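Novice: Curious how this folds, go ahead:
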Amino acid sequence: MPASPPPAFQVHWSLVPQDEAGDLVPRDCRLLAIWPAPVNHDVCFKEAGFTLFGDNDADWDKAAERLLGRVLEFLKRYGDHKLVSKPLQDNPPWYLRPFRASRELSLQKQALLPMHLDSLPQFHARFGESGAALQTGNGHFLLWVVLPDGGEQAFDIVREAAEPWPIRETALRWAILLPTNEPL
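Specialist: Now for the predicted structure:
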């Protein structure tokens, strides 16, 4: 019997209950988790209760990057971004340094790399003054989005960012996956 094909790319989301988000978000904001699936096999996601795993490929990576880009575009509506985390640099190899200076990576690359490499520090940016923010990291392709005004826009951002992929609301045990640094 041939192996069943991996499930198609889809976008999962959940508003994290305020009692689980704790002090990570301001009182008048909500924490939204967005992640593409299937997820590469991962102990943290499994312990959190997620079950849709697969071996992702270059097409999955491109779709996930498009999802990240759309979330960033949505957050820019709240205002200009301010990087809270230390900026990641594109440092040239030692032999090119006399000819090329290091430069700060684009906002999307800043957010993307800590989701691929858990050895990098977490990414954290705020957008405008309303409390909107994004955090990524810990080697998980998981977007932690803070939305002001109680999070009424949660489904709007998911719907916009996920087009044309299917959307699934999925509750997990968040304590296992929550970011561990300063409040969002």
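
Novice: Now F141: which helix or strand?
Specialist: Using DSSP states H and E, F141 sits in strand 140-148.

Novice: For that strand, which strands pair with it and how are they oriented?
Specialist: If you go by DSSP bridges, strand 140-148 pairs up with strand 29-37 (antiparallel), strand 132-137 (antiparallel).

Novice: would you list those in a markdown table and tack on mean neighbour count and mean pLDDT?
Specialist: The C-beta positions use only the backbone N, C-alpha and C, and glycine is treated the same way. Below are the strands paired with strand 140-148 laid out as a markdown table (neighbours: other CB atoms under 10 Å; pLDDT from 0 to 100):
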| stretch | mean neighbour count | mean pLDDT |
| --- | --- | --- |
| strand 29-37 | 23 | 94 |
| strand 132-137 | 26 | 93 |
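
Novice: and Q122, how many residues sit next to it?
Specialist: By other CB atoms under 10 Å, the residues close to Q122 number 20.

Novice: quick one: contacts for it?
Specialist: Counting by CB atoms under 8 Å, 6 or more residues apart in numbering, Q122 touches 85, 114, 135-138, 179, 181.

Novice: what's the distance between it and A63?
Specialist: 23 Å (CB to CB, to the nearest Å).

Novice: Same question for P166.
Specialist: P166 is 12 Å from A63, by CB to CB.
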